[in-house]
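**Q** just the structure for this:
(one chain, ligands or ions: 1)
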Amino acid sequence: MILKTCMLAMVIGLDITTFYAPCSGPGASFSKTGPILCYALGNLVSLWVIAGFRLVILHSVTLIIFGSIKPMFKRWLAAHCLLATVYETGRLLLQGSSPESTYGLLGGPRSWLVSTVAVAAAALFWETIFPDSNGENNGKEKKQKARVLFMRVLRFYKPDMLFLIGAFVFLSLAVVCEMCIPFYTGKVIDILGGQYQWNDFRTAIIFMGLFSLGSSFSAGCRGGLFMCAINSFTCRMRVELFGALVKQEIGFFETTKTGDITSRLSKDTPLMGRAVALNVNVLLRTAIKTVGMLSLMMSLSWKLTLLMLMETPITGLLQGVYDNYYQRLAKEVQDSIARANESAGETVAGIRTVRSFKTERSEAARFDDRLFDTHNIKMRRDTVRAVYLLLRRLMEVVMQVAMLYFGRLFIQEGQMSTGNLVSFILYQSDLANNIRTLIYIFGDMLNSVGAAGKVFEYLDREPEVSTKGTLQPETLTGHIRFHNLSFSYPTRQERKVLQDISLELKPGTLTALVGPSGGGKSTCVSLLERFYQPQEGEILLDGQPLQSYQHHYLHRKVAMVGQEPVLFSGSIKDNIAYGLKDCSLEQIHEAARRANAHSFISQLEKGYETDVGERGNQLSGGEKQRIAIARALIREPQVLILDEVTSALDAESELKVQEALNSCRPQTLLVIAHRLKTIERAHQIIVIDEGRVLEQGTHKELMDRKGSYYKLRERLFTEEDTPQ
Ligand SMILES: Nc1ncnc2c1ncn2[C@@H]1O[C@H](COP(=O)(O)OP(=O)(O)OP(=O)(O)O)[C@@H](O)[C@H]1O
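**A** Next up is the predicted model:
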């Protein structure tokens, strides 16, 4: 520790010595003149050599003492060694040789301390705003990933390449025209201020007009072409993403929030489209303009250009800090608006519950609270914006005053004309905007590429339940076997819902699954429908694993009517023929008749053309179920699964549906039912509880056994169900 402190003291001493050494030669006063002699001799090079020497010495000694140097300290070292030299160089270039030195102005030997502390404060400020927290490797990986994603988005733009190329041509034209306007404005002022020549004046005005027109026309064409490319890209991307999403297994939808999915579809796809087209457009335009303007400004006055560039790092820093903070607040605003919308949506969707519990007021208050949150965040965001604009305006004013001051000096010295100064000022205000835009767009582009990352994540995702089977045998008997099946849901992997289940469903028979609630009956059905993939064991259909069958074939042959059948907005006819391309009206009517739905549909004013409303909410529960049964029957499936399907039907409808189902033989029928009449008719009853098969046999066999089925019957089935 003592050794390190001594070495540190030595380094500081060494630094101060190198700082003043060249100026402490014979005749130079250590405290007063500082390195003034160096540039009094016009020796700028020596200033830079000294700075470089100090940097190397400090860097090496720190490395020897500490082994490694943190990025923040590296920045501090560089700024500490180079700050005064850069400042002196700028001043020397602008004002020529000066009698005063920077160090002299700062107050002799104290200057070292003052500049050291100032630079340390700046480095700390920088570290607070742009921390090196994740290390350099992480940053490099991130950039690499961003580049890969960027190129991938670009490849998706291939079909719109013509639009993009056209847009780029107009972009370049617009930039050239825009850049020429201030130049001719200055020329006009010079003509007006000097010896007036009508011909020169006319030519300058014509050029100005032509460039203005050219710039507006090209900008319009450029914008239109870019928008065409973005819209077509977004559309294509959405369709592709949607296609990839609906292929995913059911577990994916259980583990992924609906909001995430919809925001990928609605927000991220246009954002990634913008990443390439719009941002690249702005980036290119601004970059070309910046370079062009800088060269034009250099030709007008290189000294003023240097002065103006001194503002750039400060503008960049300010803009960077503001953009970071603003984007964070903008995201907070988005989230809070989403929360407010969610609350309103929930209330509207559940308006019946709200009304019956009389919670209208509390729901309104909840909505109000959320809106208030949004309002608060917006206030914060706007305050930050106001402060930023104020600071920016201040910077602009300071720069303009400095420019006018030096511009006047240069005009007096004959280094530039009044028109040149006007052109320069016009370029300058535009250039500052351009630099801000460049900084903003760069950040925004990384953000947009981030959105592309999320979209590609879904696009590349392989469904865990494979749909790549190929078997499509012409005849299928519908013989099903569950073989030592164990399963847990993806959301609760630690809990086994089915444990080592083995059972058999024979063609032409009716099997009833019974058992207490939560026993695992619906889970068996979900596995048979291939909604999930069992972790152990397998299901065989006609001796072949279920996954080896072709996806569409399997779902035509194995149809299911769920506990709460879902209808889609559209006509009854469309709902019955859902997913079938060539299906005659006669087939639809026949399926409806067998599901005991034809009579109620015929009584409706528009019959089969009646709109069922969103999720079928314009129909009763029983009507919905009958349409869902017709939808399953029209496919003439070999295996039909009914999950508590007759629960919403009255006794008469149920009887008719049962008769229809009985007439469908030879089908393999699997029914989850609570009604004893249905169960009794089954050729086989399987009792499932806690994910295990407890008993199986006919009603009579199980009753005689007086086991779990016997007890269950007493406990679960209502009096009216009990046979006389
Ligand atoms: N999507 C899911 N994610 C996680 N756990 C689930 C899911 N669906 C069901 N479960 C759980 O699995 C167990 C079996 O549920 P299942 O729906 O198969 O029972 P069930 O016998 O059909 O019950 P019910 O007669 O009430 O419909 C229950 O404990 C349930 O909480």
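**Q** from here on, just use CA atoms for contacts and neighbour counts.
**A** Fine.
**Q** Ser212: neighbour count?
**A** The number of residues packed around Ser212, counting by other C-alpha atoms under 10 Å, is 18.
**Q** wait, it sits on Val176?
**A** No: applying C-alpha atoms under 8 Å, one finds Ser212 not in contact with Val176, separated by 10.5 Å.
**Q** up against the ligand, what does this protein have?
**A** For the chain, the residues in contact with the ligand (C-alpha under 6 Å from any ligand atom) are Tyr489, Thr491, Arg492, Val497, Ser517, Gly518, Gly519, Gly520, Lys521, Ser522, Thr523.
**Q** kindly recompute the last result at 5 Å.
**A** Residues of the chain lying near the ligand by C-alpha under 5 Å from any ligand atom: Tyr489, Ser517, Gly518, Gly519, Gly520, Lys521, Ser522, Thr523.
**Q** now the fifth one, nearest residue through space, not along the chain?
**A** What sits nearest to Gly520 in space, not counting adjacent residues and going by C-alpha to C-alpha, 6 or more residues apart in numbering, is Gly691, at 5.2 Å.
**Q** and Ile189, what does it touch?
**A** Thr418, Gly419 (C-alpha atoms under 8 Å, 6 or more residues apart in numbering).
**Q** now it: which helix or strand?
**A** In this structure, Ile189 sits in helix 161-193 according to DSSP states H and E.
**Q** report the buried residues of that helix.
**A** Applying a neighbour-count criterion of 16 or more other C-alpha atoms under 10 Å, one finds 163-164, 167-168, 170-191 buried in helix 161-193.
**Q** which ones are touching Leu171?
**A** Ser218, Ala219, Arg222, Asn281, Arg285.
**Q** quick check: phi and psi on Gln563?
**A** With angles defined as degrees, to the nearest 10, Gln563 sits at phi -60, psi -40.
**Q** hang on, isn't it packed against Glu644?
**A** Yes: contact criterion C-alpha under 8 Å: Gln563 and Glu644 qualify, at 5.4 Å.
**Q** show me what the strand or helix carrying Ile206 is packed up against.
**A** According to DSSP H and E, Ile206 maps onto helix 198-246. Judged by 3 or more C-alpha pairs under 8 Å, 6 or more residues apart in numbering; DSSP states H and E, helix 198-246 is in contact with helix 161-193, helix 269-300, helix 418-460.
**Q** compute the inter-axis angle for the longest one and helix 269-300.
**A** Looking back up the chat, that one is helix 418-460. 160 degrees (axes from the mean of the first three to the mean of the last three C-alpha atoms, to 10 degrees).
**Q** list the helices and strands helix 418-460 packs on?
**A** Right, helix 418-460 is packed against helix 135-156, helix 161-193, helix 198-246, helix 269-300, helix 312-349, helix 360-412 by 3+ C-alpha pairs under 8 Å, 6+ apart.
**Q** got JSON lines for these, with mean pLDDT too?
**A** Shown next, in JSON lines, are these (pLDDT from 0 to 100):
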{"stretch": "helix 135-156", "mean pLDDT": "68"}
{"stretch": "helix 161-193", "mean pLDDT": "82"}
{"stretch": "helix 198-246", "mean pLDDT": "87"}
{"stretch": "helix 269-300", "mean pLDDT": "79"}
{"stretch": "helix 312-349", "mean pLDDT": "79"}
{"stretch": "helix 360-412", "mean pLDDT": "87"}
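**Q** enumerate every residue touching the residue most central in space within the chain.
**A** Nearest residue to the geometric centre of the chain (C-alpha atoms, centre = their mean): Ala451, 3.2 Å. Going by C-alpha under 8 Å, 6+ apart, Ala451 touches Arg264, Asp268, Thr269, Leu271, Met272.
**Q** 7 Å - rerun?
**A** By C-alpha atoms under 7 Å, 6 or more residues apart in numbering, the contact list for Ala451 reads Asp268, Leu271, Met272.
**Q** most neighbours among those, please name it.
**A** Met272 (30 neighbours).
**Q** ok, now how distant is it from the ligand?
**A** 33 Å (C-alpha to the nearest ligand atom, to the nearest Å).
**Q** so that residue makes contact with Val449?
**A** Yes: assessed by C-alpha atoms under 7 Å, Met272 is found in contact with Val449 at 6.1 Å.
**Q** dump the helices and strands packed on helix 418-460 to TSV, plus distance to His59.
**A** What follows is these, written out as TSV (distance: least, C-alpha to C-alpha, whole Å):
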stretch	distance to His59
helix 135-156	19
helix 161-193	44
helix 198-246	49
helix 269-300	35
helix 312-349	24
helix 360-412	34
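**Q** which one of those helices lies closest to Thr610?
**A** Thr610 lies closest, by C-alpha to C-alpha, to one member of these: helix 312-349, at 22.7 Å.
**Q** check which helices and strands the closest one sits against.
**A** Packing contacts for helix 312-349, counted by 3 or more C-alpha pairs under 7 Å, 6 or more residues apart in numbering; DSSP states H and E, involve helix 360-412, helix 418-460.
**Q** ranking those by burial, who's on top?
**A** helix 418-460 (a mean of 19; mean count of other C-alpha atoms under 10 Å).
**Q** where does Gly519 fall, phi/psi-wise?
**A** Torsion angles, degrees, to the nearest 10, at Gly519: phi -70, psi -30.
**Q** list the contacts of it.
**A** Ile688, Asp689, Glu690, Gly691.
**Q** okay, now the residue nearest to Gly520: neighbour count?
**A** 22.
**Q** please look at it and Leu498 and confirm they touch.
**A** Yes: counting by C-alpha under 7 Å, Gly691 does reach Leu498; the two are 3.9 Å apart.
**Q** give me the common contacts of the two.
**A** Gly520.
**Q** where does the stretch 151-300 of the chain get nearest to the ligand, which residue?
**A** Closest to the ligand within the stretch 151-300 of the chain is Glu254: 6.7 Å, counting by C-alpha to the nearest ligand atom.
**Q** what are the buried residues along the helix or strand that residue falls within?
**A** Glu254 is part of helix 250-255 when elements are defined by DSSP H and E. Buried residues in helix 250-255, counting neighbours by 16+ other C-alpha under 10 Å, are found at Ile250, Gly251, Phe252.
**Q** out of those, the closest to Asn433 would be?
**A** Phe252 (45.8 Å).
**Q** I figured Ala167 hits Gly224, correct?
**A** No: with contacts counted by C-alpha under 7 Å, Ala167 stays clear of Gly224, the gap being 8.0 Å.
**Q** the helix holding Ile189 to helix 198-246, inter-axis angle?
**A** Using the same axes, to 10 degrees: helix 161-193 against helix 198-246 is 150 degrees.
**Q** helix 161-193: how far from the chain's middle?
**A** 36 Å (C-alpha atoms, centre = their mean, to the nearest Å).
**Q** I'd say Thr290 and Ser429 touch.
**A** No: when contacts are counted by C-alpha under 7 Å, Thr290 is not listed as touching Ser429 (11.6 Å).
**Q** does His483 belong to a helix, a strand or coil?
**A** In terms of secondary structure, His483 is strand; the call rests on DSSP: H, G, I helix; E, B strand; the rest coil.
**Q** now it: how far from Ala512?
**A** Note on His483: its distance to Ala512, by C-alpha to C-alpha, to the nearest Å, is 18 Å.
**Q** more neighbours: the two, which one.
**A** Ala512 (28 against 16).
**Q** secondary structure element for that one?
**A** Assigned by DSSP H and E, Ala512 belongs to strand 510-514.
**Q** what are the buried residues along that strand?
**A** Neighbour counts over strand 510-514 (16+ other C-alpha under 10 Å) mark Leu510, Thr511, Ala512, Leu513, Val514 as buried.
**Q** distance of the closest residue in space to Asp611 that isn't next to it in sequence relative to the ligand?
**A** Excluding the flanking residues, the one nearest Asp611 by C-alpha to C-alpha, 6+ apart is Ser571, at 4.3 Å. Ser571 sits 29 Å away from the ligand when distances are taken as C-alpha to the nearest ligand atom.
**Q** look at Ile685 and give its secondary structure.
**A** strand.
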